[in-house]
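Visitor: Below: sequence and its predicted model.
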Amino acid sequence: MSDSTLKLSYTETLSSLQNLLDDPTLVIALDPERHTISVQDPRLPTHKQVRLAPIFPAIQTWSGHREGEPYSPLPRPESLSEYLQRVSPEFPTFALILMQAGQAALGLVEDDEWLHHKVIRKYMVRKKQGKAQLTHLRQKGKSRVGSRIRLANSVAFFEEINERLAEWDVTNLADVILYSTTGRLWGHLFRASEPCPFPSDDPRLRKIPMHVHTPTFAELERVRNAVQYSEWTTNPASS
């Protein structure tokens, strides 16, 4: 028997997960790291796994003593029932931040429609080497006219991103903040003179689990559609 995978919308995923609670014989396990829910039916020779869409909230872990449970020093994932209590029945508002050196595409989606979107471009990459000016200065420490222009653009790049996010009130409106970039560029965003409107450890932050191409509006649209769908996979149970 081969694997089969279905793509489910936010509403379809939520309905499917709620239906699982009606069968007490199912063995259900939530994986916070993989953002998945595994389902084993002892009566069937298959098991199922739901890879939750990125717009679903992160699965939490609990540790210590909880009312009605024995003390446990080890953290454990929340149950499906606990998780569903935190999931909104309404389609979430989410922000998208796609960022590469010199180009970013930002968006805020509400009710499955663009509330705001913006593509930002700045000249901050050395043409011959294809290297971001911030990286070049860190490695070489030299500054010429072209370098200073690129550096000024680099500073303005992160400032404009943060200005837009603040202007759109992402901190108060977004249920989830999805991003795709390198660790170095992400760090510069939080060190910009124009402060990022949310902290780097904001629990709503989640890295987009897919390859992202050059940030354009078309790519923003592609990612926006992709992050809305969960994957429900049925495969043979392990022997």
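Guide: In hand now; what should we look at?

Visitor: Pull up the gap between residue 83 and residue 118, please.
Guide: Note on residue 83: its distance to residue 118, by CB to CB, to the nearest Å, is 33 Å. All C-beta atoms are positioned from the backbone trio N, CA, C, and that covers glycine.

Visitor: okay, those two: which has more neighbours?
Guide: residue 83 (20 against 17; other CB atoms under 10 Å).

Visitor: show me the contacts for residue 99.
Guide: The contact partners of residue 99, by CB atoms under 8 Å, 6 or more residues apart in numbering, come to 161, 179-181, 185-186, 189, 215.

Visitor: Residue 114: which of the residues you listed is nearest?
Guide: residue 215 (15.2 Å; CB to CB).

Visitor: Spell out the residue ranges of the helices in this structure.
Guide: Ranges of helices within the chain are 10-20, 80-86, 133-140, 145-167, 170-173, 183-191, 217-226, based on DSSP state H.

Visitor: Can you tell me which helix or strand of the chain has the lowest average pLDDT?
Guide: Sorting the helices and strands of the chain by mean pLDDT, DSSP states H and E puts helix 133-140 at the bottom, at a mean of 48.

Visitor: And the residue lying closest to residue 229 once chain neighbours are set aside, how far from residue 92?
Guide: In space, and not counting its chain neighbours, residue 229 is closest to residue 7: 4.6 Å by CB to CB, 6 or more residues apart in numbering. Here residue 7 is placed at a distance of 18 Å from residue 92 (CB to CB).

Visitor: more neighbours, those two?
Guide: Just comparing residue 7 and residue 92: by other CB under 10 Å the higher neighbour count belongs to residue 92, 20 against 13.

Visitor: Hmm, the more buried one is touching residue 177, no?
Guide: No - using CB atoms under 8 Å, residue 92 is not in contact with residue 177, being 10.8 Å away.

Visitor: How is this protein divided into domains?
Guide: Using automatic domain parsing, the domain ranges for the chain come out as 4-89+229-236, 94-224.

Visitor: most neighbours per residue, which of those?
Guide: Greatest average neighbour count among the domains of the chain goes to domain 94-224 (a mean of 16), per mean count of other CB atoms under 10 Å.

Visitor: which residue ends up closest to the midpoint of this structure in space?
Guide: Nearest to the geometric centre of the chain sits residue 206, at 3.0 Å (CA atoms, centre = their mean).

Visitor: contacting residues for that residue?
Guide: With CB under 8 Å, 6+ apart as the criterion, the residues that contact residue 206 are 54, 58, 176-179.

Visitor: now it: how far from residue 36?
Guide: With the distance defined as CB to CB, residue 206 ends up 14 Å from residue 36.

Visitor: Show me how far stretch 91-99 is from its chain's centre.
Guide: When distances are taken as CA atoms, centre = their mean, to the nearest Å, stretch 91-99 is centred 8 Å away from the chain's centroid.

Visitor: err, stretch 104-122, not the other one
Guide: In terms of CA atoms, centre = their mean, the centre of stretch 104-122 is found 15 Å from the chain centre.

Visitor: again, but for stretch 229-239
Guide: Taking CA atoms, centre = their mean, the mean C-alpha location of stretch 229-239 is offset from the chain mean by 22 Å.

Visitor: residue contacts, the residue nearest to residue 186 when sequence neighbours are not counted?
Guide: Computed as CB to CB, 6+ apart, the closest residue to residue 186 that is not its neighbour in sequence is residue 179, at 7.0 Å. With CB under 8 Å, 6+ apart as the criterion, the residues that contact residue 179 are 96-99, 186, 205-208.
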